[in-house]
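Asker: everything below, folded, please.
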Amino acid sequence: MGSVINQIDIASFGSFSGLEWKKSVKDSGKTVQNFKRLNILYGRNYSGKTTLSRIFRSLALMAC
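Answerer: Numbers count the residues shown, from 1 in each chain. Reported below is the predicted structural model:
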């Protein structure tokens, strides 16, 4: 099984420049949720979805 990414620092990368990340994500019951094997990212146009996917793709290529 491959490596799991727990945290990345991209605060000065592309559209994420100056972004303040939430330290946790909570479900509707206010329970803190960790990232799972499969996660869905969504957002407005130009919010950084493609930038983030390119970062993950670069990491995957470096791991090969």
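Asker: the residue nearest to the spatial centre of the chain and T31, how far apart?
Answerer: Central residue of the chain (C-alpha atoms, centre = their mean): L52, 6.4 Å from the mean position. Remark: distance between L52 and T31 (C-beta to C-beta, to the nearest Å) = 25 Å. The C-beta positions use only the backbone N, C-alpha and C, and glycine is treated the same way.
Asker: ranges for the helices of the protein?
Answerer: 49-63 (DSSP state H).
Asker: look up how far C64 lies from the residue with the largest distance to the centre of it.
Answerer: Centroid-distance maximum for the chain: G29 at 22.4 Å, with C-alpha atoms, centre = their mean. As judged by C-beta to C-beta, G29 and C64 stand 40 Å apart.
Asker: and if you look at G43?
Answerer: 28 Å.
Asker: and the pLDDT at the residue nearest to the centre of the chain?
Answerer: Here the pLDDT value assigned to L52 is 83.
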